[in-house]
Each structure stands twice: as C-alpha cells, then as structure tokens.
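>>> sequence first, predicted coordinates after that:
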Amino acid sequence: MKTISAWPRDDRVIARAIAILERRLRLREPETRYQLGDPDAVHLYVRLKLAELEREVFACIFVDAQHRPIAFEELFRGTLTQVVVHPREIARAALRHNAAAVILVHNHPSSNARFSDGDRAITAKIRHALELIDVKVLDHLLVARAHAVSYAREEAMTARADGERRARQAAAMKASWQRRRLGRGK
C-alpha cells in the first residue's frame with residue numbers, strides 16, 4: 001500500500017496561499033494593484049515565501065509612488081546564518097522596476113526574531129544608497145519561522161521609549177532645580 005507524504009500536499013497549499021496573496025497584492029496585474037495598506041497581508045505573504053527556507057535569503061518588494069506592489073524579487077541567497085547583501089544591486093533592481101519605494105525582506109532560518117547589528121547596519125547602508133536615487137525604504141521585514149518583525153515598527157517603539165525616557169529625565173531635572181531654587185530662597 002502506498003502512503004502519500006503530507007509535505008507535497010502542504011507545499012501545494014502554501015503555493016495556493018501565496019498565489020491568493022499575490023492576487024490580493026496584485027503583484028501580477030499592474031493595472032489593478034492595491035496599495036499596501038494591510039501590513040498583516042504583507043507579513044503573511046513574506047512569511048509564506050521565506051519561513052521554511054533553510055538558508056538566509058534577502059528579497060525586496062518594489063512599490064510604485066502610491067505604494068502599490070510592482071514585484072517581489074529574491075536578490076541574494078546566503079548560508080544558514082548569513083547573507084551578503086550589496087546595496088548597489090538593490091538600487092539597480094529598484095531602477096529596473098521603476099520603483100518609488102521598497103520593502104526589504106530577509107529571513108533567519110535559526111528562528112531568531114531579532115534584528116542583528118549587521119541587519120541594522122545593512123538597512124542603514126541600503127537607505128543611504130537608495131536615497132541617492134530618490135527611492136524610499138518603507139520597511140525592513142525579518143521573517144523568523146512563524147513571525148515577521150517590522151524594523152520600522154521596532155524603530156518607532158524605540159523612538160517612543162527614548163522620548164518617554166527623555167521626558168522623565170527632563171521632569172526629574174526640573175524638579176531637582178526647583179528644589180534647589182526653593183532651598184536657596186529661604
């Protein structure tokens with residue numbers, strides 16, 4: 001009696017899910033593309049594309065001026081723990097697609113859902129390179145198995161936390177100065 005492995009069936013289901021999300025994002029039909037207004041759909045799409053890969057992959061979603069997706073392109077493949085990324089090649093691809101902006105995407109096969117210092121450095125390099133050709137980096141998504149982490153969201157949360165910390169420090173300094181001033185006035 002033959003047994004049918006669940007993996008090919010799962011792969012077909014994943015391929016169908018990717019096709020459905022591509023239709024929703026309209027990656028294949030330029031004249032009817034949607035704006036990328038639903039981050040959850042984008043996160044699900046990149047998770048389906050990259051989560052099960054055994055090597056690190058760096059890809060981009062290229063978008064037009066209205067943030068409608070033009071293309072998803074895998075640009076670099078690496079090893080289990082790293083991928084070499086060349087900002088110049090991303091710039092070339094952005095120009096080839098006539099993109100106004102880009103969403104950077106890469107995976108961590110190790111399931112580590114945190115941006116490394118190297119990830120942060122390459123994001124900054126890519127931002128700088130693309131600024132020179134007037135292409136914005138909208139976000140950098142990290143896929144770690146079942147998770148997709150947003151660099152932009154992480155930056156915003158860090159900035160908010162820094163702002164709150166500075167506000168607390170400023171309030172504490174003001175209170176300290178007022179206590180000193182009141183103490184001298186006696």
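Great, that's in hand.

>>> burial of residue 168, as a residue count?
When neighbours are defined as other Cβ atoms under 10 Å, residue 168 has 10 of them. Bear in mind the C-beta positions are built from the backbone N, C-alpha and C, glycine included.

>>> and for residue 97?
17.

>>> phi, psi of it?
With angles defined as degrees, to the nearest 10, residue 97 sits at phi -90, psi 0.

>>> now do the contacts for the nearest residue to it once chain neighbours are set aside.
Distances taken as Cβ to Cβ, 6 or more residues apart in numbering place residue 62 nearest to residue 97, at 4.2 Å, with adjacent residues excluded. Counting by Cβ atoms under 8 Å, 6 or more residues apart in numbering, residue 62 touches 69-73, 93-94, 97, 99, 101-102.

>>> hang on, residue 62 in a helix?
No - counting by DSSP: H, G, I helix; E, B strand; the rest coil, one finds residue 62 to be strand, located in no helix.

>>> which residues does it form a beta bridge with?
Per DSSP bridges, the residues bridged to residue 62 are residue 71, residue 102.

>>> residue ranges for the helices of this structure, please.
Here the chain has its helices, by DSSP state H, at 6-25, 39-50, 87-96, 117-131, 151-184.

>>> the inter-axis angle of the third one versus helix 117-131?
Yep, that's helix 87-96 we're talking about. Per axes from the mean of the first three to the mean of the last three Cα atoms, to 10 degrees, the angle that helix 87-96 makes with helix 117-131 is 40 degrees.
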